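Novice: fold the following.
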Amino acid sequence: MARNKESVVLVLDVGPTMHGILPEVECLCTMLVLKKLIYGKNDEVGIVLFGTEVLDALVVGMDMLIKKYGPTNKGKLRLCLITDAQHPTKEPDEGSKIDQVNTIGQLMKKHGVRLDCIVVRVNLTKAVQQNVIGENVDLLNQFARNTVSKIIHVNGPTALLGAIRTRSISPVTVYRGDLELSSSMKIKVWVYKKTTEEKFPTLKKYSDKAPLNDKLSTHEFKVDYEYKSLENSHKTVPPEQRIRGYRYGPQVIPISSAELEAVKFTPEKSVKLLGFTDASNIMRHYYMKDVYVFTPEPGNSKSILAVSSLARAMKEMNKAAILRCVWRQGQSSVIIGVLTPNVSSADNIPDSFYLNVLPFAEDVREFQFPSFSNLPSSRQPNELQQYASDNFVRMLDLAPPGQDELLKPDLTPNPVLQRFYQCLDLRWKYPDGELPQLGASLLRITGADPYFLSEQMFEIDSLSKQFELRDNPKKRISSKRFRDRTSGSNEGEAVAKLEANDIPSLCYPSVAVEKIGDSTPIEDFNEMLARRDSTKWVGKAIKEMKDYIYGLLENSYKGDNHPKAVECLIALREGCVLEQEPKKFNEFLNYLHDNSKTLDLLNFFGMLSSKNVTLITKDEAADSDVNFEEARSFPVKKESISQ
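Specialist: Modelled structure (predicted):
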């Protein structure tokens, strides 16, 4: 028998009240079998179908496991019950129902059988059925007192797909040692991974070159690499004559393994406290990677008391701790994380901590959105618009107050993996069959729920009524760009036809602007500012616009480029106000003033004064260091241009 072999028996309720979710139950069984085939080839799965009696079905499933394996494979036997618990349980011939449950539970504990119960909740109006469900749930809870049992309540077919655990993963510590609060205060802790990413199964290549009757063939690929000399392509370079090279510009710098070890950062294994901070200072969106759980060292009463005291004090004071973690000796990476208390409500479970990894400064990617308060009053939302927007955002909350959370993380399956296993099952049965459409359960996860939207149409209509929606006219493409995209001998005719007829309905594929052009510099600048696929576009747009304005002024002949430069400078100022980048504009305007004699900008600054274009003040952007008086006196405060 394989060492990690697990045997699972699915006990499925197929009574009349379960017919509405039987397709999801079938999909769940298929996914479980496929995962067992991929992740655990030695695992075995059995199925028991029942229509009314829950306890009888559990007895049958347990009897299957005991008769097949006997005293072997303890701890690797599992029963998974899926039911809505609506059918009454019959009275036993001797004793009570609780006595019968205790007898079954003792047998399960003796043979190492674990029990997972999934109870599907439905909306009931009859008090009799509600009483039956309550009694059955109490009986299932009784199993937890005698054996390893877990009960999960789900509200629908979507949560059902994510409720069952298809793989048994034993917890493994990533760190055992001291939590160093100071040089003289240390707590013995064990650290586990609480969550981890579920990845796609490794799909290996299959070779059909081996004979079909060869039972010893593994049908696996074996890849070998050979390194050839540049001087002699027929000469193979042995491993002892090879060295790693790293690119530095156009060159490749060879670095030996000894040199790498000499400069390698090898920190000591430790978990150290850096300090405490208010929990409100740690933003939820800063959390990265997986979550770790800190538990006191098992059996160490001093450690349990110290962890509990620290956790309860941090919770009472609403504090979080910042830690520096190195899980293993010589680990190349250092983790900075936030430690939050997890106070237990059960007497037999000690208090613990959760650790979330925090990003370093260079890892933070934040989009800067300007405040509405910096906009003119005509562009600020009124009270009704603000109220409708608040209600719309509140409508999108997946955990509204007083209601059950929608799409709970621990009960929501990964839709990509779910789809993968469905397609794998189809290809296994019908290699040439077409892929099916997404099921209703996956559509509720990947798209908007139609039932949910129908209930919230009032909020959606209220929002749409408060805002006037206008079509955004497509910018006409210049003849130069159109000519570059047109191929063939008729490109000239196409350009002439476009310019002559001025066809507004002609559409072209939208291309994101990445550079400020000479034909439409202001439009290109605004489009680059509006891009939100990366944080670089704001800085890039401002820099290119400054270079473009300076080029206009530098290449101006008797001020012929000054009007266009003024328009571009006004656009640059508006963009810097919206993006809260006042210093970049003020520094550029001061730079132009300092070089006004060299560039002959007397007429240019006169045009700026007539249009009231000056430095950005603190009232317009909080980061500005220019007050209103300084902006009004610019450029009078400096040496006069005429002098």
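
Novice: wait, Lys272 sits on Val334?
Specialist: No - Lys272 lies out of contact with Val334 (Cβ atoms under 8 Å); the separation is 10.4 Å. C-beta coordinates here come from the backbone N, C-alpha and C atoms, glycine included.

Novice: so between those two, which is more surrounded?
Specialist: For the pair Lys272 and Val334, the greater number of neighbours falls to Lys272 (17 against 13), based on other Cβ atoms under 10 Å.

Novice: related to what we said a few turns ago, joint contacts of Lys272 and Val334?
Specialist: Arg324 (Cβ atoms under 8 Å, 6 or more residues apart in numbering).

Novice: for the residue nearest to Ala279 when sequence neighbours are not counted, give the beta-bridge partners.
Specialist: In space, and not counting its chain neighbours, Ala279 is closest to Ala320: 4.6 Å by Cβ to Cβ, 6 or more residues apart in numbering. For Ala320, the beta-bridge partners under DSSP bridges are Thr277.

Novice: which residues touch Ala320?
Specialist: Per Cβ under 8 Å, 6+ apart, neighbours of Ala320: 276-279, 281-282, 314, 338-340.

Novice: how near is it to Pro296?
Specialist: Going from Ala320 to Pro296 by Cβ to Cβ, to the nearest Å gives 19 Å.

Novice: give the rounded mean pLDDT of stretch 140-160.
Specialist: Average pLDDT, stretch 140-160: 75.

Novice: just how off-centre is that stretch within its chain?
Specialist: Distance of stretch 140-160 from the chain centroid (Cα atoms, centre = their mean, to the nearest Å) equals 28 Å.

Novice: repeat for stretch 312-324
Specialist: With Cα atoms, centre = their mean, you get 26 Å for stretch 312-324.

Novice: over to stretch 95-114?
Specialist: Its chain's C-alpha centre and that of stretch 95-114 lie 43 Å apart, by Cα atoms, centre = their mean.

Novice: secondary structure element holding the residue lying closest to Lys515 once chain neighbours are set aside?
Specialist: Nearest non-adjacent residue to Lys515, counting by Cβ to Cβ, 6+ apart: Glu544, 6.7 Å away. Element membership of Glu544, judged by DSSP states H and E, is helix 536-554.

Novice: so what touches that helix?
Specialist: Helix 536-554 is contacted from outside by 368, 515-516, 521, 525, 528-529, 531, 561-562, 564-565, 568-569, 571-572, 575-576, 579, 581, 584-585, 588, 592, 599, 601, 604, using Cβ under 8 Å, 6+ apart.

Novice: can you tell me which of those are in strands?
Specialist: Counting by DSSP state E, no part of the contacts of helix 536-554 is found in strands.

Novice: can I get the buried part of those as one PyMOL selection?
Specialist: Buried residues among these (16 or more other Cβ atoms under 10 Å), as a PyMOL selection:
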select buried, resi 516+521+525+528+529+531+561+562+564+565+568+569+571+572+575+576+579+581+584+585+588+592+601+604
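
Novice: neighbours around Asp461, how many?
Specialist: Neighbour count of Asp461, defined by other Cβ under 10 Å: 11.

Novice: counting by contacts, list what the helix or strand where it lies packs against.
Specialist: Taking DSSP H and E as the criterion, Asp461 maps to helix 457-466. For helix 457-466, the elements it packs on are helix 383-395, judged by 3 or more Cβ pairs under 8 Å, 6 or more residues apart in numbering; DSSP states H and E.

Novice: buried ones in the helix it packs on, by neighbour count?
Specialist: 388, 392, 395.

Novice: and stretch 185-202, by the same measure?
Specialist: 186-191, 194.

Novice: please flag which of those residues sit within strands.
Specialist: 186-191.

Novice: ok, so of these, who is nearest Ser7?
Specialist: Nearest to Ser7 among these is Trp190, at 29.6 Å by Cβ to Cβ.

Novice: quick one: His562 and Asn342, what's the gap?
Specialist: Relative to Asn342, His562 is positioned 66 Å away (Cβ to Cβ).

Novice: show me the contact partners of stretch 130-140.
Specialist: 54-55, 81, 84-89, 97-98, 101, 117, 119, 124, 149, 151.

Novice: so what's the gap between that stretch and the chain middle?
Specialist: Using Cα atoms, centre = their mean, the offset of stretch 130-140 from its chain centre is 38 Å.

Novice: now swap in stretch 17-35 and tell me
Specialist: Remark: stretch 17-35 is offset 28 Å from the chain centroid, using Cα atoms, centre = their mean.

Novice: how about stretch 305-313?
Specialist: That offset, for stretch 305-313, works out to 32 Å (Cα atoms, centre = their mean).

Novice: export it as PDB, just CAs?
Specialist: C-alpha atoms of stretch 305-313 as PDB (Å, rounded to 0.1, in the frame of the first residue of the first chain):
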ATOM      1  CA  LEU A 305       1.200  32.200  28.000                       C
ATOM      2  CA  ALA A 306       3.600  34.700  26.400                       C
ATOM      3  CA  VAL A 307       1.900  34.500  23.000                       C
ATOM      4  CA  SER A 308      -1.600  34.800  24.600                       C
ATOM      5  CA  SER A 309      -0.500  37.900  26.600                       C
ATOM      6  CA  LEU A 310       1.100  39.600  23.700                       C
ATOM      7  CA  ALA A 311      -1.800  38.800  21.300                       C
ATOM      8  CA  ARG A 312      -4.500  40.100  23.700                       C
ATOM      9  CA  ALA A 313      -2.500  43.200  24.500                       C
END
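
Novice: give me the mean pLDDT for it.
Specialist: 95.

Novice: now stretch 330-341
Specialist: Here the average pLDDT along stretch 330-341 is 90.

Novice: what lies in contact with it?
Specialist: If you take Cβ under 8 Å, 6+ apart as the criterion, stretch 330-341 is touched by 264-267, 269, 274, 279, 282, 286-287, 292, 294, 310-312, 314-315, 320-327, 351, 353-358, 360.

Novice: swap in stretch 255-262?
Specialist: 243-246.

Novice: what about the strands in the stretch 251-400 of the chain?
Specialist: 251-255, 270-278, 288-296, 319-326, 335-342, 352-357 (DSSP state E, counting those that start in this stretch).

Novice: I should have written the stretch 401-550 of the chain there, sorry.
Specialist: Counting by DSSP E, counting those that start in this stretch, the stretch 401-550 of the chain forms no strands at all.

Novice: shaky segments in it?
Specialist: 472-511 (pLDDT under 70).

Novice: how is this protein carved up into domains?
Specialist: With domains defined by automatic domain parsing, the chain comprises 6-161, 171-363, 374-467, 521-642.

Novice: next one: the residue nearest to Ala279 from Leu310, what distance?
Specialist: For Ala320, the distance to Leu310 - Cβ to Cβ - is 12 Å.

Novice: Ser207 too?
Specialist: Distance from Ser207 to Leu310, by Cβ to Cβ: 57 Å.

Novice: which one of those two is surrounded by more residues?
Specialist: With neighbours defined as other Cβ under 10 Å, Ser207 and Leu310 compare such that Leu310 has more, 20 against 12.

Novice: in contact with that one, which residues?
Specialist: Taking Cβ under 8 Å, 6+ apart, one finds 181, 187, 341 in contact with Leu310.

Novice: closest one to Ser373 out of those, please.
Specialist: Nearest to Ser373 among the contacts of Leu310 is Pro341, at 37.3 Å by Cβ to Cβ.
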